[in-house]
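Engineer: Okay, predicted coordinates and the sequence, questions at the end:
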Amino acid sequence: MLAEPAMATTQGTTTNKQPSGPTFQREKHIQYFKRTLQMLPEPYTSQDTFRMTLGLFAIGGLELLGVLEEAISEANRKAWIEWIYSQQRIPSKDSPSEDDDALYGFGGPFSGLAFQENTDGRQNLGCECDSHTTPYDTAHLTMTYTALLSLIMLGDDLSRVAKEPILKSLRKLQQPNGCFIPCITDYEPDMRFVYCASAVSYILNDWSGVDKPALLNFIRESQTYEHGFAQSPRHEAHGGTTYCAIASLGLMGGDAFLDQRTIVRQEGETESAFEERRARAGFVDLEGTRRWCLQRQTTGFQGRTNKPTDTCYSFWIGGAVAAIGSFDLVNFECNRGFLMETQHKAFGGFGKWVDTYPDVLHSYMGIASLALMGEPGIRPLEPLLNISKRMQERLYNETVFWK
Amino acid sequence: MAEQQDDVPFYQKPEWADVVPIPQDDGPNPLVPIAYTREYSTTMDYFRAMCRAQEKSERALDLTKIVIELSPSHYTVWYYRQQLLKELNKDLKDELEWIEWMVNEHPKSYQIWHHRQVVVGRIAESLFPSTTSTTTTTPTTAQSTEAAFSFDDLSESQKTAAQELVKSELEFIAESLKDDTKNYHAWSYRQWVLAHFGQGPWWTGELAYTEELLEEDVRNNSAWNQRYFVVTNGPGGLTEEGLQREVQFAKSKIEKTPSNESPWVYLTGVLRKANHSVTEIKEFCEGLLSVPRANFSPFVHATLLDIYEVEAKEQRSAASVEKAKEEAIMLAEKVDSIRSKYWNWRKTQLQKIDILA
């Protein structure tokens, strides 16, 4: 279970006032997500290989708005579960090769592999990697993470997820400095994929694919003089990568947020496990992170010092602050006021800024940010996985890696 | 094969007649289908065929360019192009020109900047072999800001070649930054260029470059971050002399724009890096209280709060706690009220400080 940080948090007795001011256009947003699930307009072609993420935002948006099963028919939920599993890359049954280890996980249909169907003799488990497969069929860490969450939301128990191959791919994708690349055809190690690897490990309830000390070291090295976290060591502190760093630490076990002095050995805990927990504690400058995050609020939140606000940072920064137990220190009124402005009045959804066309990522992030503030009509959100608490419960109680 | 100069799509030309296009198989009920244009679908049908066959040819290379221009964040096409450039032994200088054009069209694409890094890395390797253990024989050590070369160990002609390459890359990045002075990818690539070739003479120019950018826009936090990178990672690291210079530099910028967050965080950052206490700038901060504009800067008061809090803890002084509380109240109620909940929380933390009765 996700450990609540045991430290004295800043949670005070703030009560949730009924929000005043502009209205949250709940119905419009429901229609927006329903439309995106029917067909994404042509400009989304530039995100073609990332369709799996777009699916998650659309399904997740309806889930947060409390209408998933109502808005998505059972037939569609079943069909999309099959579509997702068809994107899984698995080892060849007859002659699995170590060379293919990095290819495993979930990808997209754009490389031309045949769609896998359930037949009488054979379940749809995804595409086997064989002599026909090339590096261009590879899975991608972000698609693996978003596929797993989408499956859960659509009601699947993850029983067809090939866990061991995914863990093998994680081992191939982790770099000597602890960071992750997303796939072998995209050698860009950065904090976003640290988060994806952490989320995947958490969902699979198995961290054996990850060298944790190396990962922790990379995260620590990426905290800048500003106390936010950058994409990589020495780059500029950034809201998105701060969320990725903090959420990864949270998923690994909240000890990183605790003062080392507060760590005491638990009953039955081995010496080495205790030492490992102690080593993780006090890992980051928590006060600095809290301050840097809160300083990003101008109305909504900016992603970097002296940059303009953007809807999605209300989540990236808000989520990071929630993860360290200080969300009550956010100015709800100003944050909500900004988000109300970035709703698109005609189309529903949220754009990055005022009077901007909505896109599915900013729409999800806008709603997730409102969820953190307890907006009526939105399900409560688990910030570390960025899904509803209802789905978090489903992960623990109904999926094969946890129950 | 020439670029597409006419209106006939490449796939209708005779050179492509032998290729069997492979359609995308999205199944009977796909998740979030996209309304592709016919041009895109067909182009990708042919691209799929090239990938399936892993064809290494000029026409495949040309097709990667077409696909990239349609879909710059496609996560396999860049790798395919990199394989083709190597296999066909293409002139990488030409590639650099094309990347320059692409960067102007799509400055926010991670992949384009990374591709530049791969190409420049290869050019460097062909000019002089890596002399340190971080040699890039596998592609996985990309984007580390560790040096792949020891500049001092290069021959004279190699040193000249390195300097020329670094110079032209820094100029390319500077040109791109003119359009967006805070482009994260441009800055991240710039750090790689500076560090990859070791501790060469280009580091000294970089400090001046950050100064130039800060003259244009003192609120450019990316330039401040770069400055921190230079003074802490450049030859010799952060010396005591360097620290004093940076402290003066930051202070002068604060005096100009006291409500600008960047120089404040920079100032406390370099002090901390050099293991100096924030209390060293107490006089400077207190002095700003009598400067009309500066008195309303939240950062003057926040820094004083930090300073008095440190003093309170070190000296267990009730007077310091009181001064710190006043700053917290000033922030919560007057100069930074959007964060009143945070400053009030800081005030409650002050109560926990162990003071002498």
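Structural biologist: Sure, I can see it.

Engineer: List phi and psi for A:Asp186.
Structural biologist: When quoted as degrees, to the nearest 10, the phi and psi of A:Asp186 stand at phi -150, psi 80.

Engineer: Distance check, it against B:Leu165.
Structural biologist: 25 Å (Cβ to Cβ, to the nearest Å). For the C-beta atoms, the positions are set from N, CA and C on the backbone; glycine is no exception.

Engineer: swap in B:Leu350?
Structural biologist: Taken as Cβ to Cβ, the span from B:Leu350 to B:Leu165 is 54 Å.

Engineer: before we move on, what about A:Gly349?
Structural biologist: Here the distance between A:Gly349 and B:Leu165 works out to 46 Å (Cβ to Cβ).

Engineer: of the two, who's got more company?
Structural biologist: Ranked by neighbour count (other Cβ atoms under 10 Å in any protein chain shown), A:Gly349 and B:Leu165 place A:Gly349 first, with 27 against 18.

Engineer: Mind checking what secondary structure B:His21 has?
Structural biologist: Let me fix one detail, which is that residue B:21 is Pro and not His. Assigned by DSSP: H, G, I helix; E, B strand; the rest coil, the conformation of B:Pro21 is coil.

Engineer: so it sits right up against B:Cys51, yeah?
Structural biologist: No - in this structure, B:Pro21 is not within contact of B:Cys51 by Cβ atoms under 8 Å, at 11.8 Å.

Engineer: Same drill for those two, tell me which one is more crowded.
Structural biologist: Between B:Pro21 and B:Cys51, counted using other Cβ under 10 Å, the more crowded position is B:Cys51 (25 against 17).

Engineer: got a pLDDT number for B:Thr132?
Structural biologist: Predicted confidence (pLDDT) at B:Thr132: the value is 50.

Engineer: same question, B:Glu211
Structural biologist: B:Glu211 carries a pLDDT value of 98.

Engineer: For B:Leu271, what is the enclosing helix or strand?
Structural biologist: helix B:261-273 (DSSP states H and E).

Engineer: That helix: which residues count as buried?
Structural biologist: For helix B:261-273, burial by neighbour count (16 or more other Cβ atoms under 10 Å in any protein chain shown) applies to B:261-271, B:273.

Engineer: of the residues you listed, closest to chain A?
Structural biologist: In terms of Cβ to the nearest Cβ, no member of those lies closer to chain A than B:Gly269, at 3.1 Å.

Engineer: separation between A:Val400 and chain B?
Structural biologist: Distance, A:Val400 to chain B, using Cβ to the nearest Cβ, to the nearest Å: 22 Å.

Engineer: Can you report how many residues lie near that residue?
Structural biologist: 14.

Engineer: wouldn't it be in contact with A:Asp157 here?
Structural biologist: Yes - here A:Val400 reaches A:Asp157: they are 5.6 Å apart, a contact under Cβ under 8 Å.

Engineer: any idea how far chain B is from A:Tyr364?
Structural biologist: Applying Cβ to the nearest Cβ, the value for A:Tyr364 to chain B is 13 Å.

Engineer: residues touching that residue, list them.
Structural biologist: A:56-58, A:60-61, A:64 (Cβ atoms under 8 Å, 6 or more residues apart in numbering or on different chains).

Engineer: just B:Thr64 next, same as before
Structural biologist: B:47, B:77-78, B:80-81, B:84.

Engineer: For the helix or strand where it lies, the averaged confidence score.
Structural biologist: For B:Thr64, the element it lies in under DSSP H and E is helix B:58-70. Per-residue pLDDT over helix B:58-70 has a mean of 96.

Engineer: how about that helix: buried residues?
Structural biologist: Here helix B:58-70 shows B:60-64, B:66-68, B:70 as buried, counting by 16+ other Cβ under 10 Å.

Engineer: cool, stretch A:64-83 as well?
Structural biologist: Going by 16+ other Cβ under 10 Å, stretch A:64-83 has these buried residues: A:64-68, A:71-72, A:76-77, A:79-83.

Engineer: circling back: which of the contacts of A:Tyr364 come close to chain B?
Structural biologist: By Cβ under 8 Å from any Cβ of the partner chain, the members of the contacts of A:Tyr364 lying near chain B are A:Ala58.

Engineer: got a list of what residue 312 touches?
Structural biologist: Using chain A here. Contact analysis of A:Cys312 by Cβ under 8 Å, 6+ apart lists A:240, A:303, A:352, A:361-362, A:365-366.

Engineer: wrong one, chain B
Structural biologist: Neighbouring residues of B:Ala312 by Cβ under 8 Å, 6+ apart: B:318, B:320-321, B:324, B:350, B:353, B:355.

Engineer: Which single one of those residues is nearest to chain A?
Structural biologist: Distances from chain A to the contacts of B:Ala312, taken by Cβ to the nearest Cβ, are shortest for B:Leu350, at 13.3 Å.

Engineer: Surely that closest one touches B:Ala328?
Structural biologist: Yes - using Cβ under 8 Å, B:Leu350 makes contact with B:Ala328 at a distance of 7.0 Å.

Engineer: With neighbour numbers in mind, choose between these two.
Structural biologist: Neighbour count, other Cβ under 10 Å: between B:Leu350 and B:Ala328, B:Ala328 has more, with 25 against 20.

Engineer: Grab the nearest non-local neighbour of that one.
Structural biologist: B:Lys347 (4.0 Å; Cβ to Cβ, 6 or more residues apart in numbering or on different chains).

Engineer: One more: B:Thr204?
Structural biologist: Distances taken as Cβ to Cβ, 6+ apart place B:Gly234 nearest to B:Thr204, at 7.9 Å, with adjacent residues excluded.

Engineer: In chain A, what residue comes closest to chain B?
Structural biologist: Taking Cβ to the nearest Cβ, chain B has its nearest neighbour within chain A at A:Tyr225, 3.1 Å off.

Engineer: List the contacts of that residue.
Structural biologist: Neighbour list for A:Tyr225: B:228, B:265-266, B:269-270, B:272-273 [criterion: Cβ under 8 Å, 6+ apart].

Engineer: Redo those residues as CSV? Include distance to chain A and pLDDT.
Structural biologist: CSV is the format used below for the contacts of A:Tyr225 (distance: Cβ to the nearest Cβ, whole Å; pLDDT from 0 to 100):
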residue, distance to chain A, pLDDT
B:Tyr228, 6, 98
B:Val265, 5, 98
B:Tyr266, 7, 98
B:Gly269, 3, 98
B:Val270, 8, 98
B:Arg272, 7, 96
B:Lys273, 7, 96
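
Engineer: export those to CSV and tack on distance to A:Met39?
Structural biologist: Below are these laid out as CSV (distance: Cβ to Cβ, whole Å):
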residue, distance to A:Met39
B:Tyr228, 47
B:Val265, 46
B:Tyr266, 48
B:Gly269, 49
B:Val270, 53
B:Arg272, 53
B:Lys273, 53
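
Engineer: of these, closest to A:Gly268?
Structural biologist: Closest approach between the contacts of A:Tyr225 and A:Gly268, by Cβ to Cβ: B:Arg272, at 39.9 Å.

Engineer: still on that earlier bit, can you give me the offset of the helix holding B:Leu271 from its chain's centre?
Structural biologist: Chain-centre distance of helix B:261-273: 19 Å, with Cα atoms, centre = their mean, to the nearest Å.

Engineer: Can you list the neighbours in contact with it?
Structural biologist: With Cβ under 8 Å, 6+ apart as the criterion, helix B:261-273 contacts A:225-226, A:295, A:305-306, B:218-221, B:224, B:227-228, B:231-232, B:238, B:243, B:246-247, B:250-251, B:253-254, B:257, B:277-278, B:280-281, B:299, B:302-303, B:306.
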